[in-house]
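Visitor: the following block contains a protein sequence and its predicted model.
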Amino acid sequence: MTTDAPTTILRKTPLHAFHVEHGAKLVDYTGWEMPLLYVGSGIIEEHKHCRSAVGFFDVSHMGRLKFSGRHARRFLDRVCTRQILGMERGQVRYSLVCNERGGCRDDVLVYCLDEDSFLMVCNAANRAKLKEHFDLVRGDLVFKMDDQTESTAMVAVQGPRAMEIVGSMSREIPMLKRYRFTEKNLLVMKVMVSRTGYTGEDGVEIILGAGMAKAALGMFLGQAKDAASLVKPCGLASRDSLRLEAGMPLYGHEIDEETDPLSAGLDFAVKLEKGVDDERAGSFIGQEALREIKARGITRKLVGITLEGRRSARQGMPILRDGAAIGVVTSGCLSPTLDRPIAMGYVRPGDATIGTALTVEIGGKPVQATVVPTPFYKSS
């Protein structure tokens, strides 16, 4: 007698039917059934369309945790490397959540809803881990943590013509500064629109109730002038190549529990003197470890690399200099915009100078490579 292995039931986003209707190739991504690409367009076409017009991404799988109450801000200052004290309503900050060793538990966006209410957007794969961590370290602080991931939807509208599209929702939205958000009413429901994204292009991310997401977004896109020709749905594959061209780290590749944000070049999101300049902020978990790393100096550094030929480097491939292994690739692809292979990886600080000649071992053969500045691509 044999028994079948249990079937994994994947979560579906509120836009799942939209993906099916538009011919998405659906895959398991951290327990969610997500579009990898859309049949009839493909990765390169989706990538280039986002660079030239507007890409539409379902990112509802990402975690959305709301913190509210008397000590919500104090708690977030305890777990975030960026200072939350002093944030204004409507402001968004990129931050890291670290472990005691200074390694990255996750990278997150924190939205200030008001002085005692915040929303945190985290990576889908880390949502459960973070919730468990937050419960362990909350101590006697008084606040409520509400997981709104499955009661809401989140989409990204990205590209050089994105503001033409979102401007149909409100004249105010195109006036938003980067890392700011506003809340608007659409179909008698509230939507949150932030000028943020993960593609290197201008655009917004929109959070709205799950129940009306498809209808609300259909109405919004239907009202927008030229939306049918300007907007193309894009999947996870093009989202990854877009973020790599923009030099943005991906959890599980450039950052993880064993990698500190200083080595990853994320110093801007780490306030090492937190709690010193203003003691009300307090210190954050991992702060002392990161101070020690800063004092003694990092032992590896994240760099951008371009490669000769057409073969792409992949995560885990060795990086060499003069025949000696000096690092490892974290991400790589054949850049659709630059039409050449690009990669990011960690090397020794002494090998991180722009212009340094390296090799990457691909399939057991050395491929010539050069350290270059990131991002590889900047929008005009």
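Guide: Cool, the structure landed. Numbers count the residues shown, from 1 in each chain.
Visitor: assign residue 139 to helix, strand or coil.
Guide: For residue 139, the secondary-structure state derived from DSSP: H, G, I helix; E, B strand; the rest coil is coil.
Visitor: just the pLDDT for it.
Guide: Among the per-residue scores, residue 139 shows a pLDDT of 96.
Visitor: output the lowest mean pLDDT helix or strand found in this structure.
Guide: The helix or strand with the lowest mean pLDDT-type score in the chain, counting by mean pLDDT, DSSP states H and E, is helix 213-223 (a mean of 76).
Visitor: can you mark which positions in it are buried?
Guide: In terms of neighbour count (16 or more other CB atoms under 10 Å), helix 213-223 has its buried residues at 213-214, 216-217, 220-221. Backbone N, C-alpha and C define where each C-beta goes, glycine included.
Visitor: can I get the residues you listed in CSV including distance to residue 346?
Guide: Compiled in CSV, the buried residues of helix 213-223 are given as follows (distance: CB to CB, whole Å):
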residue, distance to residue 346
213, 39
214, 42
216, 43
217, 39
220, 42
221, 41
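Visitor: residue 260: which of these is nearest?
Guide: Checking those against residue 260 by CB to CB gives residue 213 as the nearest, at 37.1 Å.
Visitor: on that earlier part again, list the contacts of the least confident helix or strand of the chain.
Guide: With CB atoms under 8 Å, 6 or more residues apart in numbering as the test, helix 213-223 has contacts from 14-15, 17-18, 56, 60, 152-153, 155, 165, 168-169, 186-187, 189, 191, 206, 208, 227, 231.
Visitor: and stretch 158-167, by the same measure?
Guide: For stretch 158-167, the external contacting residues (CB under 8 Å, 6+ apart) are 49-55, 57, 157, 173-174, 193, 197-199, 201-204, 221, 224-227, 230-231, 242, 379-380.
Visitor: what's the closest of the buried residues of helix 213-223 to residue 252?
Guide: residue 213 (27.0 Å).
Visitor: for residue 109, see how far away the closest one is.
Guide: To residue 109, residue 213 is 19 Å away according to CB to CB, to the nearest Å.
Visitor: and residue 132, by the same measure?
Guide: Taking CB to CB, one finds residue 132 at 20 Å from residue 109.
Visitor: residue contacts, residue 170?
Guide: Shown in contact with residue 170 (CB under 8 Å, 6+ apart): 182, 184, 193.
Visitor: just to check, the last one is in contact with residue 204?
Guide: Yes - in this structure, residue 193 sits in contact with residue 204. The criterion is CB atoms under 8 Å, and the distance is 5.2 Å.
Visitor: between those two, which contacts overlap?
Guide: Shared contacts of residue 193 and residue 204, defined by CB under 8 Å, 6+ apart, comprise 166, 173, 176.
Visitor: follow-up on the earlier one: the buried residues of helix 213-223: which two are farthest apart?
Guide: Maximum distance among the buried residues of helix 213-223 (CB to CB): 12.1 Å, for 213 and 221.
Visitor: all helices of the stretch 101-250 of the chain, in order?
Guide: Assignment of helices within the stretch 101-250 of the chain using DSSP state H, counting those that start in this stretch yields the ranges 127-137, 162-166, 213-223, 227-230, 236-245.
Visitor: distance from the first one to the middle of the chain?
Guide: Computed by CA atoms, centre = their mean, to the nearest Å, the separation of helix 127-137 from the middle of its chain amounts to 19 Å.
Visitor: buried stuff in that helix?
Guide: Neighbour-count burial for helix 127-137 [16+ other CB under 10 Å]: 127, 129-130, 133-134.
Visitor: quick one: residue 105 and residue 130 touch, right?
Guide: Yes - because the distance of 6.5 Å satisfies CB under 8 Å, residue 105 is recorded as touching residue 130.
Visitor: now the common contact residues for the two.
Guide: Counting by CB under 8 Å, 6+ apart, the residues touching both residue 105 and residue 130 are residue 97.
Visitor: least confident of the contacts of residue 170?
Guide: Here the lowest pLDDT out of the contacts of residue 170 sits on residue 184, with 87.
Visitor: that older thread, among the contacts of residue 170, who's most crowded?
Guide: residue 193 (23 neighbours; other CB atoms under 10 Å).
Visitor: contact partners for that one?
Guide: For residue 193, the contacting residues are 166, 169-170, 173, 176, 181-184, 204-206, by CB under 8 Å, 6+ apart.
Visitor: would you turn these into TSV with distance to residue 91?
Guide: As requested, the contacts of residue 193 are exported to TSV (distance: CB to CB, whole Å):
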residue	distance to residue 91
166	19
169	20
170	18
173	16
176	11
181	8
182	11
183	13
184	17
204	15
205	15
206	17
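Visitor: now the buried members of these.
Guide: Of all those considered here, the ones buried according to neighbour count by 16+ other CB under 10 Å are 166, 169-170, 173, 176, 181-182, 204-206.
Visitor: for those residues, which one is nearest residue 341?
Guide: The closest of those to residue 341 turns out to be residue 205 (CB to CB; 29.3 Å).
Visitor: check what pLDDT the closest one gets.
Guide: In the predicted model, residue 205 carries a pLDDT score of 97.
Visitor: show me where pLDDT drops low in the protein?
Guide: Per-residue confidence for the chain (pLDDT under 70) gives these ranges: 1-7, 187, 222-224.
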